[in-house]
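# Below: sequence and its predicted model.
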Amino acid sequence: MLRLVLALCLLAVASPVHAAPPPLRVGVIGAFTGGSAPMGLAMRAGIRLAAEEINRTGGILGRRVELVERDDGGVPAVGTSHARALSTPPAVDAVIGFVNTPVALPALDLLQARQVPTLIAVATASELTRRHAGEATHYIFRVATPDTLQAELIVREAIGEQGLRRVAILADSSAYGAGGERELTHALARRGLTPVLVQRFGAHERDLGGAVRAAREAGAELVFTYALGPQLAAIADAMAQQGWRVPLMGSWTLALPNFIDHAGPAAEGARMVQTLIEDGNDPVQQAFVGTLRTRQHTRRISSPVAAAQGHDALLLWAAALRQAGSHQPDAVVAALEQLREPVDGVLARYHRPFSRHDHEAVDARIPLIGVVRGGRVGFAHPQDKARLRPDLTRAP
């Protein structure tokens with residue numbers, strides 16, 4: 001009997017154990033608390049939904065995706081600390097996220113230096129994908145509308161569609177606001193125009209009556225903005241209090257609930273650049289929005305834009321891993337730069353969305369102009385409601 005027990009023990013030791021392979025770990029860094037939480041929470045919801053879709057179909061190369069979520073609260077030092085921890089062995093296989101430009105800038109420097117494939121899902125400063133573009137391997141990609149494109153589209157809306165020419169720019173003094181102001185100024189200059197006023201204000205300033213009054217006295221017939229929700233609400237409130245009714249236009253943050261809800265009636269008519277508006281007719285986008293509404297028990301998603309961009313960023317990374325057959329960073333970057341198989345995302349059907357010299361997935365075929373009506377973001381141009389997701393194909 002003793003010999004039998006010993007033999008069985010030896011057999012157990014010698015037999016191979018078919019353990020499940022370790023998961024692929026993806027760091028998700030974003031503002032899940034604080035003033036930027038409407039963006040961060042929506043982004044996280046979209047990424048979670050994509051991870052569920054991937055895992056439900058067998059994962060990637062037989063491995064499940066595990067999200068390692070970290071809240072930066074919109075604080076640069078916290079974001080950099082999370083980036084350092086996630087890129088320290090055993091490092092994550094990728095990072096997706098970043099809501100705020102001031103948080104993203106130092107964190108991305110670190111992730112680039114540590115060779116971590118990173119996809120920005122929300123932050124829009126043009127510099128984020130430019131500053132390391134000249135390095136031998138560029139690890140930073142983006143699935144969001146860069147400010148260069150946003151500025152061009154909203155200036156086109158104001159100047160080309162509405163014929164307005166005397167414009168004021170009100171922007172916060174953060175890297176986000178300064179970059180947006182610069183892009184707006186360049187977009188105007190391409191049309192031979194100069195702002196009648198450029199006014200910056202502190203990142204936490206809330207009394208913006210003086211800035212609005214200065215724009216009014218300068219004879220502006222339109223106000224362009226580059227700031228976050230609470231300050232945008234302060235601008236709209238000040239315009240209403242002064243009885244000054246001119247169009248308010250700007251970047252995608254004019255669609256955030258902490259602008260629309262805080263400004264109330266003063267938000268009506270504000271126009272902004274969007275990559276997704278909730279009530280469109282595309283079936284895939286309708287299904288995506290419906291799933292998020294059900295899960296969040298709401299009729300209005302805090303940021304459909306951030307949710308869809310986060311979702312598609314994870315799908316693109318997953319496609320690159322499958323193509324590379326490896327999670328080795330340089331192989332993943334090379335695959336992202338020349339994806340062969342199409343990716344069916346929420347914002348587009350992606351065919352080679354990136355290249356060696358262009359790490360921006362979103363080009364002018366995706367964004368559209370939104371407008372605040374009845375406390376919700378709708379289509380500024382009704383024909384856009386019927387628009388289907390574009391086929392985003394780029395030449396190899």
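Alright, I've got the coordinates.

# Can you name the residues that contact the residue nearest the centre of the chain?
When the chain is reduced to its mean C-alpha position, the nearest residue by C-alpha atoms, centre = their mean turns out to be V122, at 1.8 Å. Listed by C-beta atoms under 8 Å, 6 or more residues apart in numbering, the contact set of V122 reads G30, M39, G40, M43, G97, F98, V99, A144, V305, A306, Q309, G310. The way it works is simple: take the backbone N, C-alpha and C, and place the C-beta from them, glycine included.

# for the closest residue to it other than its chain neighbours, helix, strand, or coil?
For V122, ignoring the flanking residues on the chain, the nearest one in space by C-beta to C-beta, 6 or more residues apart in numbering is V99 at 4.5 Å. Under DSSP: H, G, I helix; E, B strand; the rest coil, the three-state class of V99 is coil.

# returning to what we had before: take the contacts of V122 and write them to JSON lines, including distance to I169 and pLDDT.
Shown next, in JSON lines, are the contacts of V122 (distance: C-beta to C-beta, whole Å; pLDDT from 0 to 100):
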{"residue": "G30", "distance to I169": "27", "pLDDT": "98"}
{"residue": "M39", "distance to I169": "22", "pLDDT": "96"}
{"residue": "G40", "distance to I169": "26", "pLDDT": "97"}
{"residue": "M43", "distance to I169": "27", "pLDDT": "98"}
{"residue": "G97", "distance to I169": "28", "pLDDT": "97"}
{"residue": "F98", "distance to I169": "24", "pLDDT": "98"}
{"residue": "V99", "distance to I169": "23", "pLDDT": "97"}
{"residue": "A144", "distance to I169": "21", "pLDDT": "98"}
{"residue": "V305", "distance to I169": "22", "pLDDT": "98"}
{"residue": "A306", "distance to I169": "24", "pLDDT": "98"}
{"residue": "Q309", "distance to I169": "25", "pLDDT": "98"}
{"residue": "G310", "distance to I169": "29", "pLDDT": "98"}
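
# with those in mind, which one is nearest to I235?
M39 (18.7 Å; C-beta to C-beta).

# hang on, the residue nearest to the centre of the chain in a strand?
No: under three-state DSSP, V122 falls outside any strand and is assigned coil.

# Grab the nearest non-local neighbour of L149.
A364 (6.3 Å).

# and the one you found, how many residues sit next to it?
11 (other C-beta atoms under 10 Å).

# Tell me the bridge partners for R376.
R373 (DSSP bridges).

# Spit out the contact partners of it.
I260, E278, R300.

# By neighbour count, which of the residues you listed wins?
Neighbour max across those (other C-beta under 10 Å) = I260, 24 neighbours.

# roughly how far apart are it and R245?
18 Å (C-beta to C-beta, to the nearest Å).

# Repeat that for A364.
For A364, the distance to R245 - C-beta to C-beta - is 30 Å.

# and R191, that one's in a helix?
No: R191 is assigned coil when assessed by three-state DSSP, not a helix.

# Thank you, goodbye.
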